[in-house]
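A.B. asks: Generate a structure from the sequence data that follows.
(one chain, ligands or ions: 1)
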Amino acid sequence: MKRWGKHVHTEVVRLDSVRKTYGDGRAQVVALDDLSIGFGQATFTAVMGPSGSGKSTFLHCAAGLDRPTAGRVVLDGVELTDLDEKARTELRRDRIGFVFQAFNLMPALTVLENVALPLRLAGRAPDEALLREVIRRVGLAERAEHRPAELSGGQQQRVAIARALVSRPAVIFGDEPTGALDTRTALEVLALLREAVDRDGRTAIVVTHDPVAASHADRVVFLADGRIAGELHKPTAQAVADRMTHLGAWAEQATAPVRRVR
Ligand SMILES: Nc1ncnc2c1ncn2[C@@H]1O[C@H](COP(=O)(O)OP(=O)(O)OP(=O)(O)O)[C@@H](O)[C@H]1O
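C.D. replies: Numbering: from 1, shown residues only. Coordinates of the predicted model:
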């Protein structure tokens, strides 16, 4: 907890002087270059930047999926950089929800079973009333017994959001969560993330290429060459697009390889 004057400010995620390099010698790539940034509780941040600017690397380091080469990451009061692999896995399971572009649902399981999975993996007996409430909130009450292949892309992503929310995580990380969705469906998914932040006090950090998606955030953080290249608060889609143009993001994107699907 940090105090800024009269205001009490809680940072749920904090990166201090985080550096991440790949390879060494002449082939070394600096993906994150001395990055320091904090994310307050109940805030929604979009992370944007040209291809290769370090967005995925940032997300992986912030969420404890990967270890920085130097610097420290604190998530929900725990210093990730001190933890071994097993402890980091447990912290991810208990304190973090993930939403990916490719939904990553288990095809053989029903909606209800998919949403219950994080609780089962944590050895907790899922409370069916709680599961049904989370599924109702994402608008899929009638679909609880269906399997992912029987749902539209937008419905599948809503299942993924329900699954991310069920363990009441401190942070929800999104990697292009609306990347595979049409405009209207993307707006529904963004509204669910917004509600998780505003109503439940979750902290959302979402990597996106889409200025409209980013305009749903409280703050947009721009990365370039592994560093923070600027921020916008309460952004409009137009302001985000203008800043991305300034960063040369669109020109680079046109020639960039198709994003990896995880
Ligand atoms: N495993 C790896 N080995 C070597 N270099 C890597 C590796 N992963 C990423 N990089 C490099 O690190 C830099 C940052 O990559 P990163 O994937 O974080 O960028 P990004 O902003 O997410 O890009 P995109 O929008 O294209 O997905 C790039 O120069 C990339 O080539």
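A.B. asks: check whether the strand or helix carrying Ala213 contacts the ligand.
C.D. replies: Per DSSP states H and E: Ala213 is located in helix 211-214. No - residues of helix 211-214 contacting the ligand under C-beta under 6 Å from any ligand atom: none, with a closest distance of 13.7 Å. The way it works is simple: take the backbone N, C-alpha and C, and place the C-beta from them, glycine included.
A.B. asks: Could you pull up the mean pLDDT of the helix or strand just after that helix?
C.D. replies: Next along the chain after helix 211-214, taking DSSP H and E as the criterion, comes strand 219-224. Here strand 219-224 scores 96 as its mean pLDDT.
A.B. asks: If you count contacts, what does strand 219-224 end up packed against?
C.D. replies: Applying 3 or more C-beta pairs under 8 Å, 6 or more residues apart in numbering; DSSP states H and E, one finds that strand 219-224 makes contact with strand 44-48, strand 227-233, helix 237-246.
A.B. asks: what about the ones you listed, which gets the closest to the ligand?
C.D. replies: strand 44-48 (8.8 Å; C-beta to the nearest ligand atom).
A.B. asks: Could you confirm whether the closest one reaches the ligand?
C.D. replies: No - no part of strand 44-48 sits near the ligand under the criterion C-beta under 6 Å from any ligand atom; the closest distance found is 8.8 Å.
A.B. asks: buried sites along that strand?
C.D. replies: Phe44, Thr45, Ala46, Val47, Met48 (16 or more other C-beta atoms under 10 Å).
A.B. asks: now swap in stretch 201-215 and tell me
C.D. replies: Across stretch 201-215, burial judged by 16+ other C-beta under 10 Å covers 202-215.
A.B. asks: Tabulate those residues in CSV, adding columns for pLDDT.
C.D. replies: As requested, the buried residues of stretch 201-215 are exported to CSV (pLDDT from 0 to 100):
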residue, pLDDT
Arg202, 95
Thr203, 97
Ala204, 97
Ile205, 97
Val206, 96
Val207, 96
Thr208, 94
His209, 92
Asp210, 92
Pro211, 94
Val212, 93
Ala213, 93
Ala214, 95
Ser215, 95
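A.B. asks: which residues does the spatially most central residue of the chain bridge with?
C.D. replies: Nearest to the geometric centre of the chain sits Phe173, at 1.8 Å (C-alpha atoms, centre = their mean). On the basis of DSSP bridges, Phe173 takes part in beta bridges with Phe98, Ile205.
A.B. asks: change the start of the numbering to 101 and stick with it
C.D. replies: Sounds good: first residue 101 from here, last item Phe273.
A.B. asks: Per-residue pLDDT of it, please?
C.D. replies: Note on Phe273: pLDDT of 96.
A.B. asks: Return the most buried member of the helices and strands packed on strand 319-324.
C.D. replies: The highest mean neighbour count among the helices and strands packed on strand 319-324, using mean count of other C-beta atoms under 10 Å, belongs to strand 144-148: a mean of 25.
A.B. asks: just the helices in the chain please.
C.D. replies: In the chain, the segments counted as helices under DSSP state H are 155-162, 185-195, 211-221, 228-237, 253-265, 283-298, 311-314, 337-346, 349-355.
A.B. asks: So which elements touch the fourth one?
C.D. replies: Of the remaining helices and strands, those touching helix 228-237 by 3+ C-beta pairs under 8 Å, 6+ apart are helix 211-221, helix 253-265.
A.B. asks: Look at Tyr191 and say how many residues are nearby.
C.D. replies: One thing to correct before we go on: residue 191 is Leu, not Tyr. 18 (other C-beta atoms under 10 Å).
A.B. asks: isn't it right next to Thr181, touching?
C.D. replies: No - applying C-beta atoms under 8 Å as the test, Leu191 and Thr181 come out as separate, 11.8 Å apart.
A.B. asks: Would you mind writing the CA trace of the helix holding Ala313 as PDB?
C.D. replies: The C-alpha trace of helix 311-314 is given here as PDB (Å, rounded to 0.1, in the frame of the first residue of the first chain):
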ATOM      1  CA  PRO A 311      -8.100   1.000 -30.600                       C
ATOM      2  CA  VAL A 312     -11.900   0.500 -30.000                       C
ATOM      3  CA  ALA A 313     -11.100  -2.300 -27.500                       C
ATOM      4  CA  ALA A 314      -8.500  -0.100 -25.800                       C
END
